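Colleague: Need the 3D shape of this:
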Amino acid sequence: MHREYTRQYHQLRTHIERMLDSGAVIAERAPLTIRRGNQVYQVACGMLISEQSPR
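Modeller: Numbering: from 1, shown residues only. All right, here's what the predicted structure looks like:
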């Protein structure tokens, strides 16, 4: 059985690429976790979720 690979969430991917271009880094891959300064984001169910940063 051959299954064609197709990407989903094109706008999310574009947004993440822009974040990475502006200095954000991938902290973990599973689940995808992105760090930009003190702010941490995770990708879940096709959404970019911002975690509360400690004060």
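Colleague: residues in contact with the closest residue to Met47 other than its chain neighbours?
Modeller: Of all residues beyond its chain neighbours, the one nearest Met47 is Leu12 (7.6 Å), with distances taken as C-beta to C-beta, 6 or more residues apart in numbering. C-betas here are computed from N, CA, C, even on glycine. Shown in contact with Leu12 (C-beta atoms under 8 Å, 6 or more residues apart in numbering): Val43, Gly46, Met47, Leu48.
Colleague: contacts for stretch 41-55?
Modeller: 8-9, 12, 15-16, 19, 24, 31-35, 38-40.
Colleague: Now list the buried members of the contacts of Leu12.
Modeller: Restricting those to buried positions leaves Val43, with burial counted as 16 or more other C-beta atoms under 10 Å.
Colleague: Farthest pair within the contacts of Leu12?
Modeller: Gly46 and Leu48 (8.9 Å; C-beta to C-beta).
Colleague: what ranges of the protein fall below the confidence cut-off?
Modeller: For the chain, the stretches with pLDDT under 70 are 1-6, 53-55.
Colleague: Check which helix or strand Ile34 maps to.
Modeller: strand 32-36 (DSSP states H and E).
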